[in-house]
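>>> No sequence on hand, only this structure:
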């Protein structure tokens, strides 16, 4: 009797539905049946969940496998605000990645096959000889215009295919950096640029001079490298030179290997014949070459002396004192202040920037050229400056 009563009540309720409601109920029931019928041949909710968990487990396994360095490398096409700053090398917290920062100028490369060829040599040789620990990451910074960035994004993975280390790539917009640099370096440009005035576009050639003011405070050290280099040793070893900086040093740099500044300081040398300015090593002051530089950004920020030397009045005073008129940007500035304050610089062994250019040998200085050009000891990095061919391996 209870079953009949239940059937009667149910039929009574159904009879109250309108025809379109019954159609909707039937359609829903058929949809549920179809899902389970067809899904059983491929995958259902349980199999999908299982597949997701398997994928996540596989990803986590790869991420934690120290031998899969190719899988852990990444190329980030980001602007400056996308930089990671957990660590910058030479000290890290437990469980943290140790980041080593290296910066290169990468402008107008898209329109120059010569620059592209140099870039290929630099990146392939860096990848070939580079060795980092499993918890270390080399962060490659490129200051670039839009067209060159597009090229870099396209070719970098292939150029670094031999790399056994983890790396990240960050692109900085040259226009954004120039906008921040120009107010800082405008006054010094007339002393160290090829033109007769301060050109907005030339400000980027003074990036190293004021990088400590435009890079985030979390970034404490960075190496700046020219494109026309060929690495003969592990670039990680270059970063270890930061450990050898004297207390007051803010920049690590190699001496100039041509009599460039013997020429530039000619008037000062004439007025001060006993001066060491522009004289060859080991006892002279030949000036610096900016092809390879270690910038201790933290030390640069805290050095009252260095920041005082950036002031327009101080730059003008030194330029007048030394009768200085250069055209090589940051290299000229560092050379000039180095004559007055050598304690700001840690001089790297010449093998870290073995310059190959011999232009001045054939332009009036052949008699003294070898005194500047000689570089004893191992070569770690070749520098093919002034389009000089770099020796093959």
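Yes, it's here. In this text the structure is predicted, and so the values were computed from the model without any measurement.
>>> who are the neighbours in contact with residue 255?
By C-beta atoms under 8 Å, 6 or more residues apart in numbering, the contact list for residue 255 reads 281, 286-289, 347, 350. The C-beta positions use only the backbone N, C-alpha and C, and glycine is treated the same way.
>>> Take those and write them to TSV, including secondary structure.
Listed next are the contacts of residue 255 as TSV, based on DSSP: H, G, I helix; E, B strand; the rest coil:
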residue	secondary structure
281	coil
286	coil
287	coil
288	strand
289	strand
347	strand
350	helix
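>>> what ranges do the helices span in the stretch 201-350 of the chain?
Assignment of helices within the stretch 201-350 of the chain using DSSP state H, counting those that start in this stretch yields the ranges 207-214, 235-239, 260-264, 266-271, 297-302, 304-309, 312-321, 330-340.
>>> Mind giving me the packing neighbours of the last one?
Yep, that's helix 330-340 we're talking about. Under the contact criterion of 3 or more C-beta pairs under 8 Å, 6 or more residues apart in numbering; DSSP states H and E, helix 330-340 touches helix 174-192, helix 207-214, strand 288-296, helix 312-321.
>>> repeat that for 6 Å
Judged by 3 or more C-beta pairs under 6 Å, 6 or more residues apart in numbering; DSSP states H and E, helix 330-340 is in contact with helix 207-214, strand 288-296.
>>> helices or strands up against the first one?
Helix 207-214 sits against helix 174-192, helix 297-302, helix 330-340, with contacts defined as 3+ C-beta pairs under 6 Å, 6+ apart.
>>> Can you tell me what sits against it?
Residues outside helix 207-214 that contact it (C-beta atoms under 6 Å, 6 or more residues apart in numbering): 180-181, 184-185, 224, 293, 295, 297, 300-301, 330, 333.
>>> Now the buried members of those residues.
Neighbour-count burial (16 or more other C-beta atoms under 10 Å) applied to those gives 181, 184-185, 224, 293, 295, 297, 300, 330, 333.
>>> Could you export those as JSON lines, including distance to residue 162 and pLDDT?
Listed next are the buried ones among the contacts of helix 207-214 as JSON lines, based on distance: C-beta to C-beta, whole Å; pLDDT from 0 to 100:
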{"residue": "181", "distance to residue 162": "34", "pLDDT": "96"}
{"residue": "184", "distance to residue 162": "39", "pLDDT": "95"}
{"residue": "185", "distance to residue 162": "37", "pLDDT": "94"}
{"residue": "224", "distance to residue 162": "23", "pLDDT": "98"}
{"residue": "293", "distance to residue 162": "26", "pLDDT": "98"}
{"residue": "295", "distance to residue 162": "27", "pLDDT": "98"}
{"residue": "297", "distance to residue 162": "30", "pLDDT": "98"}
{"residue": "300", "distance to residue 162": "34", "pLDDT": "98"}
{"residue": "330", "distance to residue 162": "31", "pLDDT": "96"}
{"residue": "333", "distance to residue 162": "36", "pLDDT": "97"}
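>>> Out of these, flag the one nearest to residue 373.
Residue 373 has its nearest neighbour among these in residue 293, at 20.4 Å by C-beta to C-beta.
>>> quick one: contacts for the closest residue to residue 264 other than its chain neighbours?
Counting by C-beta to C-beta, 6 or more residues apart in numbering, residue 264 lies nearest to residue 326, which is 5.9 Å off, once chain neighbours are set aside. The neighbours of residue 326, taking C-beta under 6 Å, 6+ apart as the test, are 192, 264, 332.
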